[in-house]
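Asker: Pasted the sequence and its predicted model underneath.
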Number of protein chains: 2
Amino acid sequence: MTTVLIVDDQPLQRYGFHLLLDSVPETDVVGEAAHGAEAVRKAAELRPDVVLMDVRMPGMDGIEATRRIVAAGGRSRVLVLTTFDLDEYVHAAIRAGASGFLLKDARPEELLAGIRAVASGDAVIAPALTRRLLDEYAQYVPAHRGNAADDPRLGSLTDREREILVAVGKGWTNGEIAARFVLSESTVKTHVGRVLAKIGARDRIQAVIFAYDHGLARPNAD
Amino acid sequence: MTTVLIVDDQPLQRYGFHLLLDSVPETDVVGEAAHGAEAVRKAAELRPDVVLMDVRMPGMDGIEATRRIVAAGGRSRVLVLTTFDLDEYVHAAIRAGASGFLLKDARPEELLAGIRAVASGDAVIAPALTRRLLDEYAQYVPAHRGNAADDPRLGSLTDREREILVAVGKGWTNGEIAARFVLSESTVKTHVGRVLAKIGARDRIQAVIFAYDHGLARPNAD
DNA sequence: GGCCACGTAGTACCGCGGTACTACGCGCCC
DNA sequence: GGGCGCGTAGTACCGCGGTACTACGTGGCC
């Protein structure tokens, strides 16, 4: 039996979902919420297996509510529903930790299959959105990422050297690194020099590129 | 009516799929292939809506076959099937341009739904794989990517300056850029200087970071 | 015609970055 | 005890990178 919390600001919409979920034996609607804050509170209180979350709501929206429910660390999984397949929603929801993203015009069996999948720890994405997601994914995720992460050159670095490499990847000068790590600039130079030699980089610029390619530097991390 | 090409090295497996697809009116199996090369040839010849592709095959594997079929530019969409949910397969398939990825132990209706979705231009991922895909996606895709791509600083660059920035992002020295673009080093310096001023970077290192954050530089592009 | 944006090119100067080499203290292991 | 890896630090040197400024040809727009 899968317990479900329905979150939507429109009573009629909640009613529809409630009816649908009651029509099958495997799901049990344990509560409803009309906005984000109530959703967070009820999720903590009722500890449902799945939270059926609308994105657009007055006050705290579904994304923020998702973030908080996921951050709370309970076992509740969030399945986000929306009318529009706006990319921002999808991205934001994924980053917020949602386990799924479906369109409200999904067929009932799709919704039920989604709830089933989410409840069992899997994730679902509406086919119409998956297309774009895959395209972006292919763009962003480096080829042979696994190999890159396991690059033997990475393992040859000492902990300190890896720290230095990350700092270099942030674009810091030797002087800045020295200041932040409370070191002399000479020491930083020594470390940087060793890092360059180990990873086979000509200069710190290629070290920055190496850091990005190997996941040591993350966009917007600074 | 959706035309399907079945690709699998095991005759029994092909037979099973064939039976399943024949049991519903909406799909029409137009051909079978036992290995990658045959799949590529038959895809070009039969121009099916959907290619049901097994990953593990002797000779040319499903990934390579997928790459070629997609590269051929026809309207055929490839739905990859596998027994094991190995990450490498999923990544490789996505990069190869597959429109979907399902496990062979999927229930028949899931497979049919997948074929339907793929045929209509959407994409599907087995729920069991989607979970991991989303986790990685959230990690790799920068927040507010849309905003970053629309950075006004990017628009202020001239075409030439953007080319230079990309070259800088590859880690090339001014001398190398001059050589590859057939320019004097002075000119390159002038361009780089203007780029730095426009994007607000202190030095070329921060320009490299800027390039990565804004999608101008791609991992493993060089 | 004149202005402006752009791409091209040069000179001069300075400083950060990178290399080479040396050095020392600490903790660990044979 | 002696070696060794690691982190720390220094000196000396050189060159690439970045800045400032000037300059000129071309194409487009008023």
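Answerer: Received it, and whenever you're ready, just let me know what you need.

Asker: Leaving out the residues flanking it, which one is nearest to A:Phe210?
Answerer: Nearest in space to A:Phe210, with sequence neighbours left out and distances taken as C-beta to C-beta, 6 or more residues apart in numbering or on different chains, is A:Ile199 at 5.2 Å. C-beta coordinates here come from the backbone N, C-alpha and C atoms, glycine included.

Asker: Please read the previous query as pertaining to A:Leu196.
Answerer: For A:Leu196, ignoring the flanking residues on the chain, the nearest one in space by C-beta to C-beta, 6+ apart is A:Ala207 at 6.0 Å.

Asker: any idea which element that neighbour lies in?
Answerer: helix A:204-213 (DSSP states H and E).

Asker: That helix near DNA strand C anywhere?
Answerer: Yes: using C-beta under 7 Å from any atom of the strand, helix A:204-213 reaches DNA strand C at A:Arg204, A:Ile205, A:Ala207.

Asker: Output the contacting helices and strands for that helix.
Answerer: For helix A:204-213, the contact count by 3 or more C-beta pairs under 8 Å, 6 or more residues apart in numbering or on different chains; DSSP states H and E identifies helix A:159-169, helix A:185-199, helix B:204-213 as packing neighbours.

Asker: so can I have TSV of these showing distance to B:Ala34 and mean neighbour count?
Answerer: Converted to TSV, the helices and strands packed on helix A:204-213 look like this (distance: least, C-beta to C-beta, whole Å; neighbours: other C-beta atoms under 10 Å in any protein chain shown):
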stretch	distance to B:Ala34	mean neighbour count
helix A:159-169	48	19
helix A:185-199	45	16
helix B:204-213	44	24
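
Asker: Of all these, which one is nearest B:Glu161?
Answerer: Each of these has some distance to B:Glu161 by C-beta to C-beta; the shortest is helix B:204-213, at 10.7 Å.

Asker: check whether the closest one contacts DNA strand D.
Answerer: Yes: applying C-beta under 7 Å from any atom of the strand, one finds helix B:204-213 touching DNA strand D at B:Arg204, B:Ile205, B:Ala207.

Asker: Show the model's pLDDT score for the last one.
Answerer: By that I understand B:Ala207. Among the per-residue scores, B:Ala207 holds a pLDDT of 89.

Asker: give me the element the residue nearest to the spatial centre of chain A is part of.
Answerer: Within chain A, the residue whose C-alpha comes closest to the C-alpha centroid is A:Arg95; the distance, by C-alpha atoms, centre = their mean, is 3.1 Å. Of the helices and strands defined by DSSP H and E, A:Arg95 is found in helix A:87-96.

Asker: Give the other helices and strands that that helix contacts.
Answerer: Taking 3+ C-beta pairs under 8 Å, 6+ apart as contact, the helices and strands that helix A:87-96 lies on are helix A:62-72, strand A:77-82, strand A:100-103, helix A:127-140, helix B:127-140, helix B:145-149.

Asker: Need those in CSV (columns: mean pLDDT and distance to B:Ile69).
Answerer: CSV is the format used below for the helices and strands packed on helix A:87-96 (pLDDT from 0 to 100; distance: least, C-beta to C-beta, whole Å):
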stretch, mean pLDDT, distance to B:Ile69
helix A:62-72, 88, 38
strand A:77-82, 90, 33
strand A:100-103, 87, 28
helix A:127-140, 75, 16
helix B:127-140, 75, 21
helix B:145-149, 51, 29
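
Asker: For these, could you give me JSON lines that also reports mean neighbour count?
Answerer: Formatted as JSON lines, those follow (neighbours: other C-beta atoms under 10 Å in any protein chain shown):
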{"stretch": "helix A:62-72", "mean neighbour count": "21"}
{"stretch": "strand A:77-82", "mean neighbour count": "25"}
{"stretch": "strand A:100-103", "mean neighbour count": "24"}
{"stretch": "helix A:127-140", "mean neighbour count": "19"}
{"stretch": "helix B:127-140", "mean neighbour count": "19"}
{"stretch": "helix B:145-149", "mean neighbour count": "14"}
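
Asker: can you list these in CSV and add distance to DNA strand D?
Answerer: Written out in CSV, the entries for the helices and strands packed on helix A:87-96 read as follows (distance: least, C-beta to the nearest atom of the strand, whole Å):
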stretch, distance to DNA strand D
helix A:62-72, 34
strand A:77-82, 41
strand A:100-103, 42
helix A:127-140, 26
helix B:127-140, 26
helix B:145-149, 21
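
Asker: helix or strand for A:Leu5, which one?
Answerer: Remark: A:Leu5 resides in strand A:2-7, with elements defined by DSSP H and E.

Asker: Show me which residues of that strand are buried.
Answerer: Along strand A:2-7, these residues count as buried under the neighbour rule (16 or more other C-beta atoms under 10 Å in any protein chain shown): A:Thr2, A:Thr3, A:Val4, A:Leu5, A:Ile6, A:Val7.

Asker: now for the helices and strands packed on helix A:204-213, which one comes closest to B:Ala71?
Answerer: When those are compared by C-beta to C-beta, helix B:204-213 sits nearest B:Ala71, at 27.1 Å.

Asker: Other residues contacting that closest one?
Answerer: With C-beta atoms under 8 Å, 6 or more residues apart in numbering or on different chains as the contact definition, helix B:204-213 has outside contacts at A:169-171, A:204-205, A:208-209, A:212, A:217, A:219-220, B:142, B:148, B:165-166, B:168-169, B:171, B:192, B:195-196, B:199, B:201, B:216-217.

Asker: could you redo the last one with a cut-off of 7 Å?
Answerer: Outside helix B:204-213, the residues that touch it by C-beta atoms under 7 Å, 6 or more residues apart in numbering or on different chains are A:171, A:204-205, A:208-209, A:212, A:219-220, B:142, B:148, B:165-166, B:168-169, B:192, B:195-196, B:199, B:201, B:217.

Asker: How much space separates the residue lying farthest from the centre of chain A from A:Arg202?
Answerer: Largest separation from the mean C-alpha position in chain A: A:Ser186, at 39.8 Å (C-alpha atoms, centre = their mean). For A:Ser186, the distance to A:Arg202 equals 21 Å [C-beta to C-beta, to the nearest Å].

Asker: ok, now which ones touch the closest residue to A:Ile164 other than its chain neighbours?
Answerer: Excluding the flanking residues, the one nearest A:Ile164 by C-beta to C-beta, 6+ apart is A:His191, at 4.4 Å. Contacts of A:His191 were listed using C-beta under 7 Å, 6+ apart, and they are A:Arg160, A:Glu161, A:Ile164.
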